[in-house]
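**Q** Just a sequence and a predicted model for now, questions to come.
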Amino acid sequence: MNLSQLESNFESLAAEDPLWTVLSDDTKRGGKWDENEFYKTGEGVIDDLETRLLQSGLSLGGDSAIDFGCGGGRLTFPLSKHFDTCYGIDISTKMVAYANQRIARGPNCTFIVNQNTQLENFENESIDFVYSAIVFQHIAPRYTLEYFHEFSRVLKPQGLFVFQLPSRLDPSFEGNRKPFRRLRKRFHYRCKAIAQRIPFFNSPSYFEMNAIPRERVIRHLEKQCSFKVLACQDFPAAGPAWISRLYIAQKQ
Ligand SMILES: C[S@@+](CC[C@H](N)C(=O)[O-])C[C@H]1O[C@@H](n2cnc3c(N)ncnc32)[C@H](O)[C@@H]1O
């Protein structure tokens with residue numbers, strides 16, 4: 001789907017149930033997430049991030065960080081404990097409003113709505129760290145690759161870009177054993193996106209899932225965006241149907 005469709009899908013999902021939109025556990029649908037329990041999950045993710053960085057000889061800290069696709073700030077707030085300033089960026093005004101209402105969880109956070117692939121609020125080489133989890137999987141690959149250029153522009157030399165992205169469907173997953181699974185999935189999303197543009201169908205909001213092969217991600221980051229990929233690790237955050245990775249890339 002294109003970016004304006006992506007924005008309107010996330011706006012309506014956020015209006016319905018912002019916490020379930022972020023962590024889509026079926027047992028929590030319909031406002032059943034306990035807010036403190038929801039935010040606690042983010043602390044575990046950022047602790048794990050710190051451990052992974054340490055294992056690569058890197059540290060989590062600096063003047064400024066961006067949490068891209070911040071949603072309600074679940075990861076932005078614990079990330080902000082390691083930085084002087086932390087920016088949460090999201091395409092959805094409702095998500096940003098939700099995070100802003102909880103700013104006491106991270107008073108050094110600033111939440112920004114950004115609805116295109118240019119990060120106009122940020123100067124060249126002004127940021128130490130960019131993080132993003134369970135976001136690029138919902139964005140069509142052509143836009144994800146454009147965002148990579150922007151993160152390269154805004155990061156300081158030696159700054160880190162750490163992000164999660166599925167690389168492919170997991171062939172060992174039962175539901176992926178049918179022939180032409182990847183093509184069928186693409187066709188399915190194509191039809192959904194077209195149907196949603198026709199008001200007559202009154203199509204409900206949905207999440208689109210995307211993957212980019214690992215080799216293509218690394219090639220794009222290294223050949224076109226001045227990054228060096230330091231690590232690419234298993235990071236099963238996209239559900240059992242997908243092989244998902246965490247990339248640790250450093251701006252050269
Ligand atoms: C599944 S939620 C994850 C939120 C957060 N990263 C977390 O793990 O708590 C995905 C978020 O990405 C945001 N998003 C999707 N596409 C985006 C884009 N192109 N630019 C900025 N935010 C985007 C959505 O609005 C939503 O808040």
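**A** Cool, the structure landed.
**Q** Okay, buried residues for stretch 207-223 please.
**A** Under the neighbour-count criterion of 16 or more other Cβ atoms under 10 Å, stretch 207-223 has 208, 210, 211, 212, 214, 217, 218, 220, 221 buried. Quick note: C-beta positions are derived from backbone N, CA and C, even for glycine.
**Q** Revised request: answer the last question for stretch 19-27.
**A** Quick answer for stretch 19-27 (16+ other Cβ under 10 Å): 19, 20, 21, 22, 23.
**Q** wait, what's in contact with the spatially closest residue to the third one that is not a sequence neighbour?
**A** So that's residue 21. Spatial nearest neighbour of residue 21, chain neighbours left out: residue 13 (4.2 Å); criterion: Cβ to Cβ, 6 or more residues apart in numbering. Residues near residue 13 by Cβ atoms under 8 Å, 6 or more residues apart in numbering: 21, 205, 207.
**Q** before we move on, back to that, closest one of the buried residues of stretch 207-223 to the ligand?
**A** Closest approach to the ligand among the buried residues of stretch 207-223 (Cβ to the nearest ligand atom): residue 208, at 9.8 Å.
**Q** Also near the ligand: which of the buried residues of stretch 19-27, exactly?
**A** Among the buried residues of stretch 19-27, the residues that sit close to the ligand (Cβ under 6 Å from any ligand atom) are residue 22.
**Q** Tell me which two of the buried residues of stretch 19-27 sit farthest apart.
**A** Distances among the buried residues of stretch 19-27 were taken as Cβ to Cβ; the most separated pair is 21 and 23, at 8.3 Å.
**Q** Which elements pack onto the lowest-mean-pLDDT helix or strand in the chain?
**A** Ranked by mean pLDDT, DSSP states H and E, the weakest helix or strand in the chain is helix 181-196, scoring a mean of 83. Packing partners of helix 181-196 (3 or more Cβ pairs under 8 Å, 6 or more residues apart in numbering; DSSP states H and E): helix 3-16, strand 155-169.
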